[in-house]
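Trainee: I need the structure of the sequence given here:
(one chain, ligands or ions: 2)
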Amino acid sequence: MEQLALFSEAGQSKGIPTHLLDYRAGLFNQTESDTLLAKFIRETPWKQTRQKLWEKEYLTPRLTCWYGETARIAGTLPWTPELQAIREIVEPLVGITFNSVLLNYYRDGNDSVAWHSDKESIMGSQPVIASVSFGQVRCFDIRNKTDHKERYSIKLEHGSFLLMKAGLQEHWEHRISKSTRPMKARVNLTFRLVI
Ligand SMILES: O=C(O)CCC(=O)C(=O)O
Ligand SMILES: [Fe+2]
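Mentor: Numbers count the residues shown, from 1 in each chain. Ligands and ions are numbered 1, 2, ... in the order given. Purely as a prediction, here's the structure:
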C-alpha cells in the first residue's frame, strides 16, 4: 500500500514508453484552460452512473457525460461549439477523426477511475484515444496487464494533451487514483472513435 502511494505521488516517471503514450503540456494556455474548465463544470448535464461489481451496484466515483454523433451510446448529446473546437485542434495532431467524447468530472480527491482499459468492441481492438485535461493536476498511472510491477505515471496538467496509442488498451491498464491530499476540480475529455 505504501508503495502505491509513493508511486502515485512520484509524478512524471522516467522512460515513459513513447510507443504507447505521447504527452504534451500546454495545448491550451492558462486563460483558455480556465475558461473551458469553468464552462464545462457549469454547463455539462453531469450524471453519476451505476456500475456493477461482484453482483453489487456502486455509484461511479466521478461524474460523466457523452457527446458526439454516435447512436451507439445511449444519451449521447450533440457536439457543443467548445467540444467541436477542441476536437478540431486535437484531430490534426492525431490524424484520426473522432466521433465521440467522454467527459469525466473529478470533483475532488475522492473521485477517481479504477484500473481499466478502454477496449470495448464498439471502439475496435486497437483504439487510439486522445485525452485533454483541465483543472487539478492528477496522476495518470499505467501498468502492464501481465506484469503489474511494470508501471509508469504522468501528471496530467491544466490544458494538457495525452495520446493513448494503439497498443495501450490491449496490453496495459490505466487509472486516476484517489488522493488524500486536498484536490480541486478536474475535467477530462477522452475523444474516441466509436464504430
Ligand atoms: O481522467 C482521465 O485522465 C482518464 C479517464 C479514463 O480513463 C476514461 O474515461 O476511460
Ligand atoms: Fe480510460
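
Trainee: Closest approach to ligand 1 from the chain, which residue is it?
Mentor: Using Cβ to the nearest ligand atom, the single residue of the chain nearest to ligand 1 is N188, 3.4 Å away. C-betas here are computed from N, CA, C, even on glycine.

Trainee: can I assume that residue sits in a strand?
Mentor: Yes. According to DSSP: H, G, I helix; E, B strand; the rest coil, the state of N188 is that of a strand.

Trainee: what's the distance between the residue located most distally from the centre of the chain and P92?
Mentor: When distances to the mean C-alpha position of the chain are computed (Cα atoms, centre = their mean), the maximum falls on E55, with 26.2 Å. Taking Cβ to Cβ, to the nearest Å as the measure, E55 and P92 are separated by 45 Å.

Trainee: and if you look at L36?
Mentor: Distance check for L36 against P92: by Cβ to Cβ, it reads 19 Å.

Trainee: my read: I176 touches S112, true?
Mentor: Yes. With contact taken as Cβ atoms under 8 Å, I176 and S112 are classed as touching, separated by 5.4 Å.

Trainee: so M183, which of the three states?
Mentor: From three-state DSSP, the assignment for M183 is coil.

Trainee: List the contacts of it.
Mentor: The neighbourhood of M183, defined by Cβ atoms under 8 Å, 6 or more residues apart in numbering, consists of 106, 108-109, 136, 138.

Trainee: how much space between it and A130?
Mentor: Using Cβ to Cβ, M183 is found at 24 Å from A130.

Trainee: can you check I73 too?
Mentor: As judged by Cβ to Cβ, I73 and A130 stand 17 Å apart.

Trainee: Comparing those two, which shows the higher neighbour count?
Mentor: Under the criterion of other Cβ atoms under 10 Å, the comparison of I73 against A130 puts A130 first, with 23 against 15.

Trainee: Does that one touch S160 like I think?
Mentor: No. Between A130 and S160 there is no contact under Cβ under 8 Å: 11.5 Å.

Trainee: after the helix or strand bottoming out on mean pLDDT in the chain, next one along is what?
Mentor: Comparing helices and strands within the chain by mean pLDDT, DSSP states H and E singles out helix 2-8 as the least confident, with a mean of 40. Sequence-wise, the next helix or strand downstream of helix 2-8 (DSSP states H and E) is strand 21-24.

Trainee: Check which helices and strands that following strand sits against.
Mentor: Contact here means 3 or more Cβ pairs under 8 Å, 6 or more residues apart in numbering; DSSP states H and E; on that basis strand 21-24 packs against strand 151-156, strand 160-164.

Trainee: Of these, flag the one that's most buried.
Mentor: Per-stretch averages of neighbours, counted by mean count of other Cβ atoms under 10 Å, single out strand 160-164 among the helices and strands packed on strand 21-24, with a mean of 22.
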